[in-house]
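**Student:** Using only what follows, build the 3D model:
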Amino acid sequence: MVKSAQMCFEWLNYEHKNDPPLSAKISKLAGVPTLFIEAADDPETASIGREMFLKAPEPREEAVIRTETL
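**Tutor:** Residues are numbered from 1 along each chain as shown. As a prediction, this is how the structure comes out:
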């Protein structure tokens, strides 16, 4: 099922395969308040969010959502 979902995602987004990453235009956010939200339980995604936060112009804010284990 996972492979099928990946193939569908790639097929639906094929026209954008050569688009630059969103971070390429991050400088256009100058003057726009931007909130970056990161989940503490997903370090890989959080590191990408942190990189974008550091590259983003001010004003910017970062929020790290901590999850509690039951």
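
**Student:** Report the separation between the residue nearest the centre of the chain and residue 37.
**Tutor:** Residue closest to the average C-alpha location in the chain (CA atoms, centre = their mean): residue 49, at 5.3 Å. Per CB to CB, to the nearest Å, residue 49 is found 7 Å from residue 37. Just so you know, the C-beta spots here come from the backbone N, C-alpha and C atoms, and that holds for glycine as well.

**Student:** Could you tell me which residues make contact with residue 57?
**Tutor:** Taking CB atoms under 8 Å, 6 or more residues apart in numbering, we find residue 57 in contact with 26, 27, 29, 30, 31.

**Student:** Name the residues of the least confident helix or strand in the chain by mean pLDDT that are buried.
**Tutor:** Every helix and strand in the chain was compared by mean pLDDT, DSSP states H and E; the lowest is helix 43-55, with a mean of 90. The neighbour-count check on helix 43-55 (16 or more other CB atoms under 10 Å) flags 46, 49, 52, 53 as buried.

**Student:** The residue lying closest to the second one once chain neighbours are set aside: which element?
**Tutor:** Just to be clear, that refers to residue 49. With CB to CB, 6 or more residues apart in numbering as the criterion, residue 49 has its nearest non-adjacent residue at 4.3 Å, and that residue is residue 38. Per DSSP states H and E: residue 38 is located in strand 34-39.

**Student:** returning to what we had before: is it true that the residue nearest to residue 49 touches residue 65?
**Tutor:** Yes - proximity of residue 38 to residue 65 meets the contact threshold set by CB atoms under 8 Å, at 6.9 Å.

**Student:** the more surrounded of these two?
**Tutor:** Neighbours were counted for residue 38 and for residue 65 using other CB atoms under 10 Å; residue 38 has more, 19 against 11.

**Student:** can you pull the contacts of that one?
**Tutor:** Residue 38 sits next to 45, 46, 49, 50, 62, 63, 64, 65 when contact means CB under 8 Å, 6+ apart.
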